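K.L.:
test case, fold it:
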Amino acid sequence: MIAHIEKVENGYSARFERLLHHSVEEVWSWLTENEKLSKWFIELSVDDLREGGIIKFDMQNGSFEEMKILELNIYSVLEYTWGEDIVRFELNSEPEVCQLVLIEKVNRVTNHTPRDLAGWHVCLEVIQALMDGRTIDSRSEEWTKWYDRYVQELEEISNK
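P.N.:
Numbers count the residues shown, from 1 in each chain. Alright, predicted model coming up:
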């Protein structure tokens with residue numbers, strides 16, 4: 001399911017929602033434990049899991065971008081900086097499922113924004129597949145498909 005994107009007071013908000021047939025604790029582990037995190041987003045690693053702590057993004061050139069954890073409520077909320085933007089994961093326990101919500105608060109739309117949104121979309125698909133014991137055949141093909149959709153969505157929102 002494509003993210004719901006809307007213009008908000010200080011930019012844009014993209015909201016992804018997934019219902020996962022796993023416990024909140026299990027889903028949380030995929031967001032915060034480096035061994036699992038590396039399976040769906042190899043460039044990310046949790047350096048210091050606490051409010052004010054650091055998540056690192058490996059730029060793949062020997063350097064790292066440090067992203068500050070802005071809010072942390074174990075098994076519930078993980079929010080951190082993402083360049084000029086903010087990424088927020090929310091977990092909600094429902095009967096027999098965990099609702100995973102990812103919100104990217106986008107300061108301003110750039111040419112890179114649809115790339116990020118398509119990337120998050122595929123990452124969520126990969127998390128779900130891994131947790132369910134499946135694999136995604138081609139992440140790059142999935143990304144290309146969703147990138148085109150997010151370019152279109154952002155153009156429509158910008159024209160409103």
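
K.L.:
how about residues contacting stretch 86-97?
P.N.:
The contact list for stretch 86-97, computed with C-beta atoms under 8 Å, 6 or more residues apart in numbering, reads 19-24, 27-28, 31, 70-71, 75-81, 98-105, 120. C-beta coordinates here come from the backbone N, C-alpha and C atoms, glycine included.

K.L.:
okay, which residue is most central for this protein?
P.N.:
The centroid of the chain falls nearest to Trp120 when counting by C-alpha atoms, centre = their mean (4.5 Å).

K.L.:
from Ser23, how far off is it?
P.N.:
22 Å (C-beta to C-beta, to the nearest Å).

K.L.:
still on that earlier bit, just the buried residues of the contacts of stretch 86-97.
P.N.:
The neighbour-count test (16 or more other C-beta atoms under 10 Å) marks 20, 22, 24, 27-28, 31, 70, 75, 78-81, 98, 100, 102-105, 120 as buried among those.

K.L.:
thinking again about what came up before, distance from the chain centre to the strand or helix carrying the residue nearest to the centre of the chain, please.
P.N.:
Taking DSSP states H and E as the criterion, Trp120 maps to helix 113-131. Offset of helix 113-131 from its chain centre (C-alpha atoms, centre = their mean, to the nearest Å): 7 Å.

K.L.:
what's the answer for stretch 60-75, then?
P.N.:
Going by C-alpha atoms, centre = their mean, where stretch 60-75 is centred and where its chain is centred differ by 12 Å.

K.L.:
pLDDT wise, what is the closest residue to Thr135 other than its chain neighbours at?
P.N.:
Counting by C-beta to C-beta, 6 or more residues apart in numbering, Ala129 is the residue found nearest to Thr135 once chain neighbours are left out, at 6.0 Å. Predicted confidence (pLDDT) for Ala129: 96.
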